[in-house]
Structure formats: structure tokens, C-alpha cells
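S.K.: kindly return the folded structure for what I paste below:
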Amino acid sequence: LWLQVILVSANKLTRYIEPCQLTEDFGGTLTYDHMDWLNKRLVFEKFTKESTSLLDELALINNGSDKGTQERERSIDLNFLPSVDPETVLQTGHELLSELQQRRFNGSDGGVSWSPMDDELLAQPQVMKLLDSLREQYTRYQEVCRQRSKRTQLEEIQQKVMQVVNWLEGPGSEQLRTQWGIGDSIRASQALQQKHEEIESQHSEWFAVYVELNQQIAALLNAGDEEDLVELKALQQQLSDVCYRQASQLEFRQNLLQAALEFHSVAQDLSQQLDGLLGMLCVDVAPADGASIQQTLKLLEEKLKSVDLGLQGLREKGQSLLDQISNQASWAYGKDVTIENKENVDHIQGVMEDMQLRKQRCEDMVDVRRLKMLQMVQLFKCEEDAAQAVEWLSELLDALLKTHIRLGDDSQETKVLLEKHRKFVDVAQSTYDYGRQLLQATVVLCQSLRCTSRSSGDTLPRLNRVWKQFTITSEERVHRLETAVAFHSSAEKILQECPEQPEAFNEMEQFDEIEAVGKSLLDRLTVPVVYPDGSEQYFGSPSDMASAAEHIREKMKLVSLKKQQLRQPEDTSPES
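M.R.: Residues are numbered from 1 along each chain as shown. A predicted model of the protein is given here:
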């Protein structure tokens, strides 16, 4: 206490006294140097007290870092922060040491005798010793802090790693375990994809933490602390394995759902194609002609080909999906996925089998429709050919009336014409028979198709009418030719007889008969052909008929002249 009073008084006096050594006595012993030391002594004692306390704290902390793990943790938790700042204490000690050294230097070079006190002489080595101890303990303390910081950082990383691992292997894996279905339609698959996107979104947050932790671990590994390398690499490997495994599962699930969506999309498109084809087959068609039938058949073939391609694509998608489903067991975490896989496999196979059956039914219906269409083509063809036969028969009748006019100049020519006419009639008969067969075929086809012919009701009467007209005309033509043959043969026979044999012509009835045949033939040339419906037709034009009649008349004149020649002897014999 008395020392503090003296120091306070000295501080007040030094405000008015120049900084030099006092020569005036205060009580005979106290000088300015002594007062300055008193001030330094207070600082020295404070430094000594603080440094000693700090050394004890640092020694406790540093020594605690060498104890067992649990004890070290407890010791560090209680005494980790010193009561004073080591940097401040060191700075105070260095300043005090510098001032003490300066006092000694000034005292020895000042020219004034300097007599330090005993405790002042001991202060400088003590301060130096304390500073050395402080630097040593503080260096160890800094290392302990660094190790503690590294350990804390490592523990935080380990804690975060375990959080990521525990979530991925816990709730994350459980989310994937509950998602095994593939849906039974496009909408169901899309709903599952949306759910999977939500799961991926939750995983992405933890994957972001994984990336950050991986960067921190890589930074610590680059620092090169050998004692932590093994632990850090183990943490990094564990984290990477879990994250990559979970990411591969997410990707696998996404690919599976995408394949399922594509499968259901192809199945829906194929179903719509089959519905369209079935709707087309269920509608009864009444094509107008063969061209429209061909167009319909072409459209059916195109639709059936499109269905074939769609079914082939569905099988490919289905097989790819089945292959992916079979690989689910590789990341099932011990879960028995047989039931879930069986449901998915049964669904996929069921869809493909159903589409195959529907396609087979459509193919059967297409075959029936194709047969029906081909029968309709045959029906139209028969109707067209039957109508063509009627036209041909009409043309033959027209040719018979207009061109088959000549009766021949002699019996030989007439016989040739008669033979040609019979061949002509054979052609007409074949045409008529062909038309009848075609019309009979149309009746059979109509019965098979359960329809009515468009033209058989009109074509058959026309065919019969034309054929009746042709037969009547042909009979008239044959009658005329046969009459002409008889006329020319009789006339030629009489005309070729020698006049020296009058006994062959005793009876004039032959001449009368030839004349009667000739007149009958001439009369027939002027008579038209009368048909059952009352209509009439002449052979050729009037000039053609006149030309044919002229040949008959000329031969009748020759026969009449021959008759007169044969009669002349009879007329002259009574006179003689």
C-alpha cells in the first residue's frame, strides 16, 4: 500500500519535473530512476501473474490433448479458451522486456551513475524465461487448436456424410422400394413418372450436399494430413458408393418408366388402329364398280400392314421392357420382387396377347371382306360381260340383217352361203350361251353375297329378246337359202339337160314347180321378218333385195325359155 501511495505521488511529480535523474532528495533516498522502476515493477508483476496463469491454462489444455479420447474431449470442452488473450500477454511481455533492456542500455551509457535495485536485475531474465515458456506453450496451443479445428471439421463432415448416407439408405431407398409398378395405361405411367420426378427432386437436394461434401473432403485430402487420409478416403468412398448406387437406381427407375410409357403409347396407337380397322370391317359396303372395290381392298391391305408393323413394334417394346424388369432384382436390397415383377410381366404379356388376338380377328374379317370384295368384282365382271354378250348378239343380228343378203348366183354358191350362215349361227349360239352362263353366275354370286344384281333383271330379258329375234331372222335366212338352193339346183338341172332328149321332159310339171319355187322365193324377199313384239325388219336395203330378186328372175326367164323350146316340137307336130 505504501508503495502504491509513493507511485501515485511520483506520477503527479513527474508531470512537473524534466525527465532526468533527480538529485534532490525526498527523504534522502527516492530518485526518478527508482520511481520509474516502481512503475515497471507494477507492469512486471502484472505480466508475471498473467503469464504464469496463462502458462498453467495452456499447459492444462496442451496436456489434455495428450490424454484419452473421452478425457481429452471433456478437458478441451472445459478449458479450451484461456482466460486472457495469449497474443496480448506476449505483446505486453515483449514491450516490458524491451523497456527493461532500454533502461539498462541508457543507464550504462548515460554518464550518470546508475544503481538498479536487486529485483530489477532479476526482472529481465525472468521476463525472458516467461516469454520463452509462453511462446512454447502458445505454439503447442495453436497446434492443439488447429488439430481441434480439423477434428471439428472432420466430425462435421462425418456427421453430414452420415446424414446423407442415412437418408439415402433409409427414406430414399424406401421411396424406391415402394415404386415397382409400371402402370396399365399411358395416364398411369405418366402419374408414376410424376411421382418419380418428385422423388428425384428430393434426392437432388441430398446429391447437392454430396457434391459439397465431396469438395470439402477433396480439399482436406489435398492438405496432406496423413493421419486423416484413411478416414477421409473411407468417408469419401462410402458417400460415393451410396450416392452412385442411389443415382443408378433412380436412373434405372426412370428408364423403366420411360420404357413402360413407350410400350403403353405403342399399345394405345395399335389399339386405335385395330378399332379403326374393325369399324371399317363392321360397316357393310356397297361399292359402285370394280375400281372402288380395288380401292377399298388397297385401303384394307394398307391398314392391315400398318397393324402388322404396330404389333411388331409393340413386341419389341414389350420385350425390352421385360428385359429391364428382369434386372430389377439386382438392386432390390434383399426385397423379394417376384410378386411385383410377376404382375408387371403378366400385364405386359397380357397386352401383347390381347393385341395379337384382336389382330387375328381383324385378319379373319379382312379375309372374309377380301373374299366378298373379290366376289363382288366377279359379279360386276359377269354383269359387264353379260351386257357385252347382249351387245355382241345385237351386233350379230344387225350384221345378219344388213350384210347377209345375197342368195347366190348358182346352187354351189348358195350352198357355200348356207354353210357360212350355219357357222355364223354357231358363233351367235356361243355368244348367247356365254351370256346365259354369265347371268347364271351373277345369280349364284348374288345369293352368296345376299344382294340383288344391278343388271341381271334387265340383261336376261334383253338377252332372250335379242336371241329370239336372231333365231327368227336366222331361220328366215336359212329358209331363203334352202329355197334358193332348191331353185338353183332344179333350174340348173333342167337347163343342163340336152334338147335331143325330149322324152325326159314329157311332163311339164317340173317347169311349173321351178316357176312356183322361184315365185315363192321372190315373194319371200319382199316379206319382212316379223318378231314376237310385232316389230318388223327387212334384210338389207330395197336395192339389195331388188338385186337379189333380179338374179332369180333372170334364171326364171332362162327356165321359161327352155320350157318354150321344149314345147315348140309339140306345137309343130300336128301341123306336120
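S.K.: list the helices and strands the longest helix along the chain packs on?
M.R.: Counting residues, the longest helix found in the chain (DSSP state H) is helix 338-402. Under the contact definition 3 or more C-beta pairs under 8 Å, 6 or more residues apart in numbering; DSSP states H and E, helix 338-402 sits against helix 226-282, helix 290-326, helix 411-449, helix 456-496. No exception for glycine: its C-beta is placed from N, CA and C like everyone else's.
S.K.: try it again with 10 Å
M.R.: In terms of contacts (3 or more C-beta pairs under 10 Å, 6 or more residues apart in numbering; DSSP states H and E), helix 338-402 is packed against helix 226-282, helix 290-326, helix 411-449, helix 456-496, strand 536-537.
S.K.: how far off centre is the very next helix or strand once past the shortest one?
M.R.: Just to be clear, that refers to strand 536-537. Heading C-terminal from strand 536-537, the first helix or strand you meet, by DSSP states H and E, is helix 542-572. How far helix 542-572 lies from its chain's middle: 99 Å, per C-alpha atoms, centre = their mean, to the nearest Å.
S.K.: list the buried residues of helix 542-572.
M.R.: The neighbour-count check on helix 542-572 (16 or more other C-beta atoms under 10 Å) flags D544, M545, A548, A549, H551, I552, K555, M556, V559, K562, K563, L566 as buried.
S.K.: what angle sits between that helix and helix 456-496?
M.R.: Going by axes from the mean of the first three to the mean of the last three C-alpha atoms, to 10 degrees, helix 542-572 is angled at 30 degrees with respect to helix 456-496.
S.K.: avg pLDDT for helix 542-572?
M.R.: Confidence over helix 542-572 (mean pLDDT, whole number) is 76.
S.K.: I'd say I61 and R140 touch.
M.R.: Yes. Assessed by C-beta atoms under 10 Å, I61 is found in contact with R140 at 8.6 Å.
S.K.: so the two - more neighbours on which side?
M.R.: I61 (22 against 17; other C-beta atoms under 10 Å).
S.K.: what ranges do the helices span in the stretch 1-150 of the chain?
M.R.: 2-13, 32-64, 69-79, 86-109, 118-167 (DSSP state H, counting those that start in this stretch).
S.K.: which ones are touching K129?
M.R.: S51 (C-beta atoms under 10 Å, 6 or more residues apart in numbering).
S.K.: from L55, how far out is it?
M.R.: 11 Å (C-beta to C-beta, to the nearest Å).
S.K.: mean pLDDT lowest where, among the helices of the stretch 1-150 of the chain?
M.R.: helix 2-13 (a mean of 43).
S.K.: show me the contacts for E231.
M.R.: E231 makes contact with L154, I157, Q158, L220, D225 under the criterion C-beta under 10 Å, 6+ apart.
S.K.: ok, Q429 next?
M.R.: Counting by C-beta under 10 Å, 6+ apart, Q429 has contacts L393, W467, F470, T471, S474.
S.K.: hang on, the earlier thing: point out the most buried one among the helices and strands packed on helix 338-402.
M.R.: helix 456-496 (a mean of 18; mean count of other C-beta atoms under 10 Å).
S.K.: if I read this right, K493 contacts D410, doesn't it?
M.R.: No. Counting by C-beta under 10 Å, K493 stays clear of D410, with 11.6 Å between them.
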